[in-house]
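Here's a sequence, model it:
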Amino acid sequence: MAEVARSLTPERALAMTSAVRVLREFYDPPAIFLFGSSAKDMAGALSDLDLLIRMPSRDRRGARGTEFKEVFLGSYPRVDLVVFTDEEVRHHLAKPYSFLSSVMASARPLFLKSPRNEPLLQGARARGPGC
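Numbering: from 1, shown residues only. Here you go, the predicted model:
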């Protein structure tokens, strides 16, 4: 995470570090990734921080991470959270043009419990560069 933070503005790095700490406290997820313009070093002054987490959930996708979203409501930069379950990861990574497949092409890991066994990293490696 420190490597990613060095490429961000101080405000963005602080927001990212705080968000990862809160996500780990709330959910203890196996994986957290930064994606979007911040991951591509293309963030503008109004860009949000896009975070993807992989974790178990019985909630429908839109309802996941509600507590987290409430904690960061009104923060700058805005933090946007997307949550995928293991089943959804397998399903989406099997499709080369899915949202998750395209996001993982440039996503940067912020926290991984088990880097060697992280399905999101394995899926990105299997597709190869430029997929």
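
hey, where'd the strands end up in the chain?
Taking DSSP state E, the strands of the chain run over residues 31-35, 49-54, 79-84, 108-112.

Residue 100 is nearest to which of those?
Minimum separation from residue 100 across the strands of the chain (C-beta to C-beta) falls at strand 79-84, 6.4 Å. C-beta here means a position set from N, CA and C on the backbone, and glycine is covered the same way.

For residue 109, grab the count of nearby residues.
Residues lying near residue 109 (other C-beta atoms under 10 Å) number 17.

so where is this structure shaky, pLDDT-wise?
Within the chain, the stretches with pLDDT under 70 are 123-131.

quick revisit: could you dump the strands of the chain into JSON lines and include distance to residue 4?
As requested, the strands of the chain are exported to JSON lines (distance: least, C-beta to C-beta, whole Å):
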{"stretch": "strand 31-35", "distance to residue 4": "6"}
{"stretch": "strand 49-54", "distance to residue 4": "11"}
{"stretch": "strand 79-84", "distance to residue 4": "14"}
{"stretch": "strand 108-112", "distance to residue 4": "5"}
